[in-house]
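Undergrad: got a structure for you, letters missing:
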């Protein structure tokens, strides 16, 4: 079956522009996560969606970052007024249930964002 | 603050020998741990997990050991194969939380 897909695979933008990153999770997975991996860093948690519950936004680095998940499926991560330090690989993952059940996360290939 | 640490950024091992990747954590509430493997230009893929009720979990050539008192886990790969060359991330979570905390990764190179 299809895995987690992300688009675009690469995005180059100018400082100050807004970008939208898309994630299509595995069908039936109720949990969806966004992570960021900057050069030389580990994976940094950004936001977590679980079913119809309010998302856990505790990892979002600033109010320029927002995410939504429509219909419990596709998610969009939006970065407004991009800065050069936003350059990173943005990874989306989904799991069948939440972490309390020890569910394995399945990752997409990532979107490589470069802010010039 | 980095709650999960992988202090070795890289490791080289001869094919057929054992690879040992280490991970330390600081949060005593962590009770579930995973290892992910990542090839260039791909997302991480799940490799093996362990819960805090165990101290060892084995899956084929891969074994994860957990030492709760030392807040340390390790991944053993034996025998190592060239296809194992990748970046390995350890991750930890607490059953009270919504997120995994990842280490910075160890790049393993298995030399043929």
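TA: Happy to help now that I have it. Model, not experiment: these values are computed from the prediction.

Undergrad: next one: the nearest residue to residue A:51 once chain neighbours are set aside relative to residue B:98, how far apart?
TA: The shortest distance from residue A:51 to any non-neighbouring residue, by Cβ to Cβ, 6 or more residues apart in numbering or on different chains, is to residue A:30 (4.8 Å). (Each C-beta comes from the backbone N, C-alpha and C, glycine too.) Using Cβ to Cβ, to the nearest Å, residue A:30 is found at 13 Å from residue B:98.

Undergrad: out of these two, which sits in the more crowded spot?
TA: Taking neighbours as other Cβ atoms under 10 Å in any protein chain shown, residue A:30 and residue B:98 compare with residue B:98 leading, 21 against 18.

Undergrad: model confidence for the closest residue to chain A within chain B, exactly?
TA: Going by Cβ to the nearest Cβ, chain A is nearest to residue B:43 of chain B, at 3.3 Å. Listed pLDDT for residue B:43 reads 87.

Undergrad: what about it, which SS state?
TA: Following DSSP: H, G, I helix; E, B strand; the rest coil, the label given to residue B:43 is coil.

Undergrad: residues contacting it?
TA: Going by Cβ atoms under 8 Å, 6 or more residues apart in numbering or on different chains, residue B:43 touches A:4, A:91, A:93, A:107, A:108, A:109, A:110.

Undergrad: contact residues of chain B facing chain A?
TA: Residues of chain B lying close to chain A (Cβ under 8 Å from any Cβ of the partner chain) are B:2, B:4, B:6, B:32, B:34, B:36, B:41-46, B:49, B:51, B:89, B:91, B:93, B:95, B:97-105.

Undergrad: cutoff 6 Å now
TA: For chain B, the residues in contact with chain A (Cβ under 6 Å from any Cβ of the partner chain) are B:32, B:42, B:43, B:44, B:46, B:93, B:95, B:98, B:99, B:102, B:103, B:104.
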